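Participant: predicted model follows, preceded by the sequence.
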Amino acid sequence: MVVTKHAAVVLDFSANGVGIIHTLARKGIDVYAYDTKGPYQKGKSRLATCGVCPSPLTEEENLLTFLVELAKKFEQKPVLYAGADDYVVFISKYRKTLSNYYLFLFPEHQLIEDLLDKKRTFDLAVKYNIPTAKTFFVNDESELDNVINEIEFPCILKPVFGHAFRKHVNTKAIHIEDVYQLKKLFPIYSKFGELVIQEIIPGDNKAFYKVATFFDDEMNLLALFTLQKNHQFPIEFGTGAHIVSKRIPELVKLGVPILKELNLKGIGMIEYKKDPRDGQYKLIEINPRFWLTHSLTGPAGVDFSYMYYLYLTGQKPTPKLEQIDGVQWIYLVRYFLTFLQKRKKGEMSFKEFIQGLKGKKVFALLAFDDPMPFIRSTISHLWNSWKPKRKKRNE
């Protein structure tokens, strides 16, 4: 018999955090969810007790006090979930204090910092002989000429610390067409943090794959999941819009030993892109947290967020190492916007868009028992998509 006397506290109101809320609340678990004001207004859910919390970036001491005082209201330690990098870093940094009040499982703090720093992640890839895209770390403009002689255009410019960079610039990467554009944009974006210049690995959205694991405190594998991306938004450098569960044995053989060697206990995810030039899976990133599309794991028979709850509350879940393939995860508004972009390029028809809605699926936010996160997110995405076009027409 499953015991749900421990509450769950979720920090994050993105689709990631809402996915955790939906999974746990539907299992009869009391969920309390918090984020800063902007995300709270967009993602607050009727399936959880929701509120605003101090920022993990600018109000660390206030957030620590907030979480400690919150935990004192519960008879049993709540299970603590983090859906965003900022909260992962914060919880890890204050793990000694927070572990007195909450149940959670993270790898060592140094590993978390390494994995959220693209420079250190690249060093780890070299250490463990993991193939990567051709990558250059540039400290200032004076080093650009050396890179220009070695990189092929177009290329991408992206931050070393993505989670901090996106607080200022809402993009994962900047597409660079030529030398002129690189020299023009580098000083503009370098104001917001260190930057890395990287080659573009050929291949469409379907060349992206993920391997996710849940290792317990003794590094026993409790959950395993692999997926393939079908569509992302924006189409060039975006996040998942349409994903499918798919077991890829060769990636399991590649990814699981790496995550185990790193001692990445708790939730871990490694993303690859398959390079058609040499057939190799090239490392994109490694994350020590729940990833955006984790809610696909439940309908696919693994259910990471629930397994995490069961393990931390001492209920000894049976390992889930097999999955149901062919289940789709759809972030509906992003899938629609992706379709519009791809249709304009002649890469997707309306018939193909409709075909992608058929079959067994789970939606990122669309839920009849909790409609408002979907409605607010859809309005926000459509507004942000329309706003630049309106500005351009008025110029």
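Facilitator: Yep, it's here. Residues are numbered from 1 along each chain as shown.
Participant: residues contacting the residue lying closest to residue 165 once chain neighbours are set aside?
Facilitator: Sequence neighbours aside, residue 159 is the residue nearest to residue 165 in space, at 3.4 Å (criterion: C-beta to C-beta, 6 or more residues apart in numbering). Every residue, glycine included, has its C-beta placed from N, CA and C. Contacts for residue 159 (C-beta atoms under 8 Å, 6 or more residues apart in numbering) come out as 118, 165-166, 189, 192-196.
Participant: closest to residue 138 among those?
Facilitator: For the contacts of residue 159, the minimum distance to residue 138 (C-beta to C-beta) is 6.2 Å, reached by residue 195.
Participant: show the buried residues in the contacts of residue 159.
Facilitator: Buried members of the contacts of residue 159, counted by 16 or more other C-beta atoms under 10 Å: 118, 165, 189, 193-196.
Participant: and the furthest pair within those?
Facilitator: 118 and 189 (14.1 Å).
Participant: mind listing the strands for the stretch 151-300 of the chain?
Facilitator: 155-159, 174-176, 195-199, 208-215, 221-233, 239-245, 266-274, 281-287 (DSSP state E, counting those that start in this stretch).
Participant: what's the closest of those to residue 293?
Facilitator: For residue 293, the closest of those is strand 239-245, at 4.8 Å, according to C-beta to C-beta.
Participant: what's in contact with that closest one?
Facilitator: By C-beta under 8 Å, 6+ apart, the list of residues contacting strand 239-245 reads 172, 225-233, 292-293, 296-297, 300, 323-331, 334-335, 337-338, 356.
Participant: avg pLDDT for that strand?
Facilitator: Mean pLDDT, strand 239-245: 95.
Participant: least confident secondary structure element in the chain?
Facilitator: Ranked by mean pLDDT, DSSP states H and E, the helix or strand of the chain with the weakest confidence is helix 162-165, at a mean of 67.
Participant: could you single out the nearest of the contacts of residue 159 to residue 133?
Facilitator: Proximity of those to residue 133, judged by C-beta to C-beta, is greatest for residue 196, which lies at 10.0 Å.
Participant: now do the same contact list for that closest one.
Facilitator: Taking C-beta under 8 Å, 6+ apart as the test, what residue 196 contacts is 118-119, 122, 135-138, 157-160.
Participant: most neighbours, which of those?
Facilitator: Of the contacts of residue 196, residue 159 is surrounded by the most neighbours, 23 neighbours in total, counting by other C-beta atoms under 10 Å.
Participant: would you mark the buried spots in stretch 206-223?
Facilitator: 207-216, 222-223.
Participant: same question, stretch 37-49
Facilitator: 39-40, 42-45, 47-48.
Participant: could you single out the nearest of these to residue 176?
Facilitator: Nearest member of these to residue 176, counting by C-beta to C-beta, is residue 39, at 30.0 Å.
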